[in-house]
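Colleague: test case, fold it:
(one chain, ligands or ions: 2)
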Amino acid sequence: MVETVLSVEGLNVSFGGVLAVDNVSFSLKRQELHCLIGPNGAGKSTFFKAISGVVRPSSGRVWINGYEATRLPAHRVARLGVGIKMQVPNLLEGLSVEENLWIAARCRHSAREAEDIVETLMNLTGIEKNRISLVSDLAHGHRQYVELASALATKPSILLLDEPAAGLSETEVDELSSILQQLKNQTAILVVEHNTRFVRMIAESVTVFHKGRILAVGSPDQVFQNESVKKVYLGSN
Ligand SMILES: Nc1ncnc2c1ncn2[C@@H]1O[C@H](COP(=O)(O)OP(=O)(O)OP(=O)(O)O)[C@@H](O)[C@H]1O
Ligand SMILES: [Mg+2]
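Modeller: Ligands and ions are numbered 1, 2, ... in the order given. Have a look, this model is predicted:
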């Protein structure tokens, strides 16, 4: 089995004159739970989008489970084993929780398998009680869980979560942390987050982005004590 599930080499993404991702190299191992942090506009979401085929890198290369995925469209990258929860809501508002998950699962599985996957994911995230609720009627915390379940519905080997704890209560953050710990033996997980408490709870290792570049990598304690990282967060760098 491939130990490194995601490998990125010298990735650049530019939007006109803005270099949103600047020469980033990164790798993620099987069963690793890694957090990506950094101030607003650092390039975290753009990095996720470039890995998952939502935006095209201007240069650099991406490998998923040993297959080159550079510049593949999003549906082909998903087939290589990437599940993504984007920063902006991405659910079918007029459909129920169950229907949303079923449609997500059917992208890669038979109808029979999709039914099993939907039940497992509703159990895992505790949203069975909202099974027939329309997504548009859900409270914010429940929506975040449906987003997470939806990203998991293809049974990805790499799960990318962009700000999954945004807007959650402290109790919900604790629940989410416990769900991610349970998922660790099934998939590698890369999480973009601003919530420091959550990052400290879940991350084995942390990468800090600043102005499109990697500023620091290490354990949560190492990066939060790093002087350059502190300066960036205080806005003086
Ligand atoms: N579609 C786009 N067109 C033009 N510029 C963009 C686009 N998407 C992002 N950018 C720019 O790229 C840079 C990185 O943005 P990105 O959204 O990746 O940051 P981020 O680290 O996710 O920030 P946040 O923590 O606020 O979500 C910013 O300067 C942003 O304005
Ligand atoms: Mg972002």
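
Colleague: what mean pLDDT does stretch 62-75 get?
Modeller: Averaged across stretch 62-75, pLDDT comes to 96.

Colleague: and it, end to end?
Modeller: 15 Å (C-alpha to C-alpha, to the nearest Å).

Colleague: just how off-centre is that stretch within its chain?
Modeller: Its chain's C-alpha centre and that of stretch 62-75 lie 16 Å apart, by C-alpha atoms, centre = their mean, to the nearest Å.

Colleague: report the buried residues of it.
Modeller: Buried residues in stretch 62-75, counted by 16 or more other C-beta atoms under 10 Å: 62-65, 69-70, 72. Yep, even glycine has a C-beta here, placed from its N, CA and C like the rest.

Colleague: can you list contacts of it?
Modeller: 2, 5-9, 11, 50-54, 56-57, 60-61, 76-77, 80-82, 107, 157-158 (C-beta atoms under 8 Å, 6 or more residues apart in numbering).

Colleague: just the buried residues of the residues you listed.
Modeller: In the contacts of stretch 62-75, the ones that pass as buried (16+ other C-beta under 10 Å) are 5-8, 11, 50-53, 57, 60, 77, 80-82, 157-158.

Colleague: before we move on, the earlier item: from the buried residues of stretch 62-75, which is closest to ligand 1?
Modeller: For those, the residue nearest ligand 1 by C-beta to the nearest ligand atom is V62; the value is 16.0 Å.

Colleague: which of the three states applies to whatever residue of the chain ends up closest to ligand 2?
Modeller: Nearest residue of the chain to ligand 2 (C-beta to the ion) works out as S45 at 3.1 Å. Recorded secondary structure, S45: helix (DSSP: H, G, I helix; E, B strand; the rest coil).

Colleague: the residue lying closest to it once chain neighbours are set aside: how many residues sit nearby?
Modeller: In space, and not counting its chain neighbours, S45 is closest to Q87: 5.1 Å by C-beta to C-beta, 6 or more residues apart in numbering. Residues near Q87, counting by other C-beta atoms under 10 Å, number 15.

Colleague: per-residue pLDDT, Q87?
Modeller: So Q87 comes in at 91 (pLDDT).

Colleague: pull the contacting residues for it.
Modeller: 45, 162-163, 166, 192.

Colleague: ok, now V173?
Modeller: Per C-beta under 8 Å, 6+ apart, neighbours of V173: 165, 195, 197-198, 201.
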